[in-house]
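Student: with the input below, show me the fold.
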Amino acid sequence: LDQVGGKFKTGQARQHAKTWRQTHMGAAEKKHGIKRDEAGKVIKPKSDTAWKAYIKQRNAVAGRHRQLIGAGKITLKSGAVIG
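Tutor: Residues are numbered from 1 along each chain as shown. Below you'll find the predicted structure:
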C-alpha cells in the first residue's frame, strides 16, 4: 500500500482514483442491496447485518481512496479511523 500512497494525487491519475472509488462504492451498494432516493441519499436497509457489512466495505473503499490520493487518515463521526 505504501508504494502507491499519494501517486494518484493530481491530474489524470486523480481522475482514475475518483473513477476507481465510484466503481467500488457502486459495487458495495449493489452487493449489500443498498438503494438511494431521488435526491441520491442512501436508504438504510431493514437488515442490520447488510447495513453493517455495507458500512465496513464503504469505509474500506474510502480509506483506500484516501491512501491513493495521499490525503491521510480521517476520523468519522462514529469514531472509526479510515485512510
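
Student: low-confidence stretches in the protein?
Tutor: Residue ranges of the chain with pLDDT under 70: 1-4.

Student: find the centremost residue of the chain, please.
Tutor: The chain has residue 62 as the residue nearest its centroid, 3.1 Å off, counting by Cα atoms, centre = their mean.

Student: tell me which element it falls in.
Tutor: Applying DSSP states H and E as the criterion places residue 62 in helix 48-69.

Student: could you do residue 31 as well?
Tutor: Here residue 31, judged by DSSP H and E, is contained in helix 11-32.

Student: who's in contact with that helix?
Tutor: The set of residues external to helix 11-32 that reach it, using Cβ atoms under 8 Å, 6 or more residues apart in numbering, is 7-8, 34-36, 42, 45, 50-51, 53-54, 57-58, 61-62, 64-65, 68-69. In short, each C-beta sits where N, CA and C put it, glycine included.

Student: can you count the residues close to residue 31?
Tutor: Neighbour count of residue 31, defined by other Cβ atoms under 10 Å: 12.

Student: circling back to that earlier point, show me which of the contacts of helix 11-32 are buried.
Tutor: Buried subset of the contacts of helix 11-32 (neighbour count, 16 or more other Cβ atoms under 10 Å): 8, 34, 51, 54, 57, 58, 61, 62, 64, 65, 68, 69.

Student: count of residues packed around residue 38?
Tutor: Each residue near residue 38 was counted by other Cβ under 10 Å, and the total is 5.

Student: which of the three states applies to it?
Tutor: The three-state assignment at residue 38 reads coil, by DSSP: H, G, I helix; E, B strand; the rest coil.

Student: now do it against residue 44, distance only.
Tutor: Counting by Cβ to Cβ, to the nearest Å, the gap from residue 38 to residue 44 is 16 Å.

Student: next one: residue 68
Tutor: Taking Cβ to Cβ as the measure, residue 68 and residue 44 are separated by 28 Å.

Student: returning to what we had before: the residue lying closest to the residue nearest to the centre of the chain once chain neighbours are set aside: what's it in contact with?
Tutor: Counting by Cβ to Cβ, 6 or more residues apart in numbering, residue 82 is the residue found nearest to residue 62 once chain neighbours are left out, at 5.3 Å. Contacts for residue 82 were tallied using Cβ under 8 Å, 6+ apart; they are 59, 60, 62, 63, 66, 73, 74, 76.
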